[in-house]
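**Student:** Here is my input; please provide its structure:
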Amino acid sequence: MELGIVELSRLQFAMTALYHFLFVPLTLGLSVLVAIMETVYVMTNRPIWRQMTKFWGTLFGINFAIGVATGITMEFQFGMNWSYYSHYVGDIFGAPLAIEGLMAFFLEATFVGLFFFGWDKLSKVKHLIVAWLVAIGSNFSALWILIANGWMQNPVGAEFNPITMRMEMTNFFDVVFNEVAQAKFVHTVSAGYVTASVFVMGVSAWFLLKGRHYELARRSLTVGASFGLAAALSVVVLGDESGYSAAHSQKMKMAAIEVMWETEAAPASFTLVGIPDTQARETHYALHIPYVMGLIGTRSLQTEIPGINELVAEADARIRSGLVAYDALMTIRKEKKNTPQEVTKRFEAHSNDLGFALLLKRYVDDPRQATEAQIKLAAEDTIPPVGLLFWSFRIMVGLGFLFIATMAYFFIHASVRGMKFPRWALRFAVIMIPAPWIAAEMGWIVAEMGRQPWTVDGILPTALSVSKLGVTDLVITLAGFVIFYSVLFVIEMGLMIKYIKKGPYMDVAETEAWFAKRKALKAQQVEALS
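**Tutor:** Predicted structure coming up:
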């Protein structure tokens, strides 16, 4: 199979995924913030909170609509660009995707309509329930998508059937409660909450700098800072859990993030900064923090984290073991019901390494004909792009701690110092708006590039997963996606800026009624005192 087809298919899916993920974090976080604001409105009956709910809800709706448009394309790509992947693991991967569509997406999409058009048709409490169902649906969508993705990172609850030549699910609950999937879900959702909080704070700060919508802006900024501080702290804690699960389920990814070529004595240090050199297999000018990596990856002071070179040697051994499984598999396919029992036993003994033998198909049609040099090359292929992972991870982590500091500063000023914010701080909040998206994209690069060369870790190599398409087809569709998604992005930005500049909708009748009620109440109090 041509390498160009594999690389173009990967590029196309990566592009659509990264574009789609521009909209996902804001949808996750803003849906919850809007529900919180409407909860306050129902509890206090103050029109300003209804106004806030409608304003931020409008921005949520714009983002949600564009996000849906970009997300649908990705699911079609599984059948069009990655047909062998869909055939090989569709029994497992298809289940959470189907549940996401039937349970979460329809829940979310149905109640989005009621949220926007039900203000004058539903009671306050019923509309509040609708708002929370939208938020729950958004988060459930993320759950099932990340269960599917988590299985690709840590394939549990399934086994290979040599008769059908496909992976088949053996335990649905193992797939659902996969530790990698659960860690990815809470980490991703918390990152979405941070994204929405920074967005709300930035827009609110812009209003304050312009001297507009003061009451809405300062309340929104307070909500964003409070919610965002809790979310930012959660991201760090839950990111640590992701690191711990990766240390024993995806050891090569962990070693590549740290660019740890040789196994260190426990507990391993954490490289704060440095210049990775893949040719010399060392990190120049590295600044280490003792013990940190060992504690993150193993939660102990005695357990080692294997280095890249050791893991390559392990991959070499697993490739050779996989060749035994592959040879037995070819006999099973030929003999079928007449397969000798010893052949079946030999396959079962080595079946966990079959995927490693498939890495050789990049170099030779029949892995059994691979040379020693090709086996060495296949073992080296298990090393992901270490430089990209090293810096992406550190950018993500650095921004995470910056979010904590920023949220803490605004939270203190909002809760203790009477909501008085220096102009430089407000300008900084505006400048910070793009930062969560940068951190989120870096996180996805770490998660997905760290899995290479596997589509399903240890099971199915990426080079075998693609459809039999032509280079021309892929180039044309890639160009089309880039143009179409760029247009959607411009539309999204244009609508967001338009409605932010327009400001919140003023419900004049309700606002006047509320102020009249307060004025009458104060008059009664004055009369009673006199």
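**Student:** For stretch 103-122, list the C-alpha coordinates in PDB.
**Tutor:** Only the C-alpha atoms of stretch 103-122 are listed here, as PDB (Å, rounded to 0.1, in the frame of the first residue of the first chain):
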ATOM      1  CA  MET A 103     -29.000   8.800  23.400                       C
ATOM      2  CA  ALA A 104     -26.800  11.900  23.800                       C
ATOM      3  CA  PHE A 105     -26.900  13.800  20.600                       C
ATOM      4  CA  PHE A 106     -30.700  13.500  20.100                       C
ATOM      5  CA  LEU A 107     -31.200  14.500  23.700                       C
ATOM      6  CA  GLU A 108     -29.000  17.500  23.300                       C
ATOM      7  CA  ALA A 109     -30.400  18.600  19.900                       C
ATOM      8  CA  THR A 110     -34.000  18.200  20.900                       C
ATOM      9  CA  PHE A 111     -33.800  20.300  24.000                       C
ATOM     10  CA  VAL A 112     -31.600  22.900  22.300                       C
ATOM     11  CA  GLY A 113     -34.700  23.800  20.300                       C
ATOM     12  CA  LEU A 114     -36.900  24.000  23.500                       C
ATOM     13  CA  PHE A 115     -34.200  26.100  25.200                       C
ATOM     14  CA  PHE A 116     -34.300  28.800  22.500                       C
ATOM     15  CA  PHE A 117     -38.000  28.800  21.600                       C
ATOM     16  CA  GLY A 118     -39.500  27.800  24.900                       C
ATOM     17  CA  TRP A 119     -39.000  31.000  27.000                       C
ATOM     18  CA  ASP A 120     -42.600  32.100  26.700                       C
ATOM     19  CA  LYS A 121     -44.100  28.700  26.400                       C
ATOM     20  CA  LEU A 122     -42.600  26.900  29.400                       C
END
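**Student:** Secondary structure element holding residue 402?
**Tutor:** helix 386-415 (DSSP states H and E).
**Student:** what about the strands in the stretch 151-300 of the chain?
**Tutor:** 158-161, 166-169, 270-277, 282-289 (DSSP state E, counting those that start in this stretch).
**Student:** In TSV: these, plus distance to residue 253, mean neighbour count and mean pLDDT.
**Tutor:** C-betas here are computed from N, CA, C, even on glycine. Shown next, in TSV, are these (distance: least, C-beta to C-beta, whole Å; neighbours: other C-beta atoms under 10 Å; pLDDT from 0 to 100):
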stretch	distance to residue 253	mean neighbour count	mean pLDDT
strand 158-161	20	17	92
strand 166-169	21	17	92
strand 270-277	15	16	86
strand 282-289	17	13	85
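**Student:** Show me where the stretch 101-250 of the chain has its helices.
**Tutor:** Taking DSSP state H, counting those that start in this stretch, the helices of the stretch 101-250 of the chain run over residues 106-117, 124-153, 172-176, 179-210, 214-249.
**Student:** Name the stretch among the ones you listed that sits most buried.
**Tutor:** Per-stretch averages of neighbours, counted by mean count of other C-beta atoms under 10 Å, single out helix 179-210 among these, with a mean of 24.
**Student:** coming back round to it: after the helix holding residue 402, next one along is what?
**Tutor:** Using DSSP H and E, the first helix or strand after helix 386-415 is helix 423-431.
**Student:** For residue 424, give me the pLDDT.
**Tutor:** Turning to residue 424, the model gives it a pLDDT of 94.
**Student:** What is the burial count for it?
**Tutor:** Neighbours of residue 424 under the rule other C-beta atoms under 10 Å: 8.
**Student:** Equivalent analysis for residue 98, please.
**Tutor:** 12.
**Student:** quick one: which of the helices of the stretch 101-250 of the chain is nearest residue 486?
**Tutor:** For the helices of the stretch 101-250 of the chain, the distance to residue 486 is smallest for helix 179-210, at 21.0 Å, taking C-beta to C-beta.
**Student:** Now do the strands in the stretch 401-530 of the chain.
**Tutor:** 454-456, 460-461.
**Student:** The first one pairs with which strands?
**Tutor:** Strands flanking strand 454-456 in the sheet, each with its direction: strand 460-461 (antiparallel) (DSSP bridges).
**Student:** Which residues does the partner strand contact?
**Tutor:** Here strand 460-461 makes contact (C-beta atoms under 8 Å, 6 or more residues apart in numbering) with 85, 88, 89, 167, 355, 358, 359, 361, 362, 453, 454, 455.
**Student:** shaky segments in the stretch 351-500 of the chain?
**Tutor:** 417-418 (pLDDT under 70).
**Student:** contacting residues for residue 214?
**Tutor:** 207, 208.
**Student:** Next one, pLDDT for it please.
**Tutor:** 88.
**Student:** quick one: it and residue 4, what's the gap?
**Tutor:** When distance is defined by C-beta to C-beta, to the nearest Å, residue 214 is 57 Å away from residue 4.
**Student:** And the chain, what are its domain boundaries?
**Tutor:** 3-250+384-509, 308-380 (automatic domain parsing).
**Student:** So residue 318 sits against residue 353, correct?
**Tutor:** Yes: using C-beta atoms under 8 Å, residue 318 is in contact with residue 353, at 4.4 Å.
**Student:** what's next to stretch 281-301, contact-wise?
**Tutor:** Residues beyond stretch 281-301 that count as contacts (C-beta under 8 Å, 6+ apart) turn out to be 240, 243-244, 246-247, 254, 258-261, 266-277, 303-305, 308-309.
**Student:** mind redoing it with 6 Å?
**Tutor:** Outside stretch 281-301, the residues that touch it by C-beta atoms under 6 Å, 6 or more residues apart in numbering are 240, 243, 247, 254, 258-259, 261, 266-277, 305.
**Student:** now stretch 67-78
**Tutor:** By C-beta under 6 Å, 6+ apart, stretch 67-78 touches 13, 16, 19, 20, 23, 27, 86.
**Student:** Okay, and the second one sits in which element?
**Tutor:** Element membership of residue 16, judged by DSSP H and E, is helix 3-20.
**Student:** now for that helix, which elements pack on it?
**Tutor:** helix 47-80, helix 471-502 (3 or more C-beta pairs under 6 Å, 6 or more residues apart in numbering; DSSP states H and E).
**Student:** Apply 8 Å and report the result again.
**Tutor:** The contact analysis (3 or more C-beta pairs under 8 Å, 6 or more residues apart in numbering; DSSP states H and E) places helix 3-20 against helix 47-80, helix 435-449, helix 471-502.
**Student:** any chance of those helices in CSV, with distance to residue 187 and mean neighbour count too?
**Tutor:** Output for those, formatted as CSV (distance: least, C-beta to C-beta, whole Å; neighbours: other C-beta atoms under 10 Å):
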stretch, distance to residue 187, mean neighbour count
helix 47-80, 19, 20
helix 435-449, 8, 21
helix 471-502, 25, 14
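**Student:** So for residue 424, which of those sits nearest?
**Tutor:** helix 435-449 (16.8 Å).
**Student:** Residue 322 versus residue 15, what's the distance?
**Tutor:** Applying C-beta to C-beta to residue 15 and residue 322 gives a distance of 32 Å.
**Student:** Between these two, tell me which one has more neighbours.
**Tutor:** Per other C-beta under 10 Å, whichever of residue 15 and residue 322 has more neighbours is residue 322, with 26 against 14.
**Student:** Double-check that residue 306 belongs to a strand.
**Tutor:** No: using DSSP: H, G, I helix; E, B strand; the rest coil, the assignment for residue 306 is coil, not a strand.
**Student:** hmm, back to that, looking at the helices of the stretch 101-250 of the chain, which is nearest to residue 440?
**Tutor:** Across those, closest to residue 440 is helix 179-210 (C-beta to C-beta), at 5.6 Å.
**Student:** got a list of what the closest residue to residue 228 other than its chain neighbours touches?
**Tutor:** The spatially closest residue to residue 228, leaving aside those adjacent along the chain, is residue 197, at 2.8 Å (C-beta to C-beta, 6 or more residues apart in numbering). By C-beta under 8 Å, 6+ apart, the contact list for residue 197 reads 29, 33, 224, 225, 227, 228, 231, 232, 407.
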